[in-house]
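Engineer: After the sequence you'll find the predicted model.
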Amino acid sequence: MLLAPGPRRTTLLFWSATIAGLVIVNGASTWLPTLMVDSGYDLSSSLEYSIAFDVGARLRGTALGFSLGVGRIGAIVGPSYLAAVAVLVAAPQAGFYAFVIPAVLGAVLIGLLKPGARRAQAAPSDAPDSEAPLAP
């Protein structure tokens, strides 16, 4: 149903944005302490910030289960992406700036969603019975 012709575009855009978001979350939770220490912060501060960042990232609702399932690609790619940036660019700040790319990509993908788009009309058999009494 999610990849049926009607919701396919929205589903793929939302999944892609979730991938970009998980690249940021998992890349940051893996590399943030190293990036902060390399930028001059002490290890204690960098670990405290990393723990706070990670705890906030783990608090999610179950309604996004499919999206997060597909988005796990970002969780796999995130640490490797930041490792590649760390190897290819010598400046410690490059790791911080590397988070901008998936963040902007995710924002653009969410921006491409049509906010007024609604799912297809429910079949008449799925519609509530107008003669049924309302629950108290």
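Structural biologist: Nice, thanks for sending it over.

Engineer: Go ahead and list the helix or strand containing the most centrally placed residue in the chain.
Structural biologist: Central residue of the chain (CA atoms, centre = their mean): G21, 2.7 Å from the mean position. Taking DSSP states H and E as the definition, G21 sits inside helix 8-38.

Engineer: buried ones in that helix?
Structural biologist: 11, 13-36, 38 (16 or more other CB atoms under 10 Å). C-betas here are computed from N, CA, C, even on glycine.

Engineer: go on, stretch 106-117?
Structural biologist: If you call a residue buried by 16+ other CB under 10 Å, then stretch 106-117 has these buried ones: G106, L109, I110.

Engineer: May I see the residues you listed organised as JSON lines, with pLDDT, distance to P92 and secondary structure added?
Structural biologist: Formatted as JSON lines, the buried residues of stretch 106-117 follow (pLDDT from 0 to 100; distance: CB to CB, whole Å; DSSP: H, G, I helix; E, B strand; the rest coil):
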{"residue": "G106", "pLDDT": "86", "distance to P92": "24", "secondary structure": "helix"}
{"residue": "L109", "pLDDT": "86", "distance to P92": "29", "secondary structure": "helix"}
{"residue": "I110", "pLDDT": "85", "distance to P92": "30", "secondary structure": "helix"}
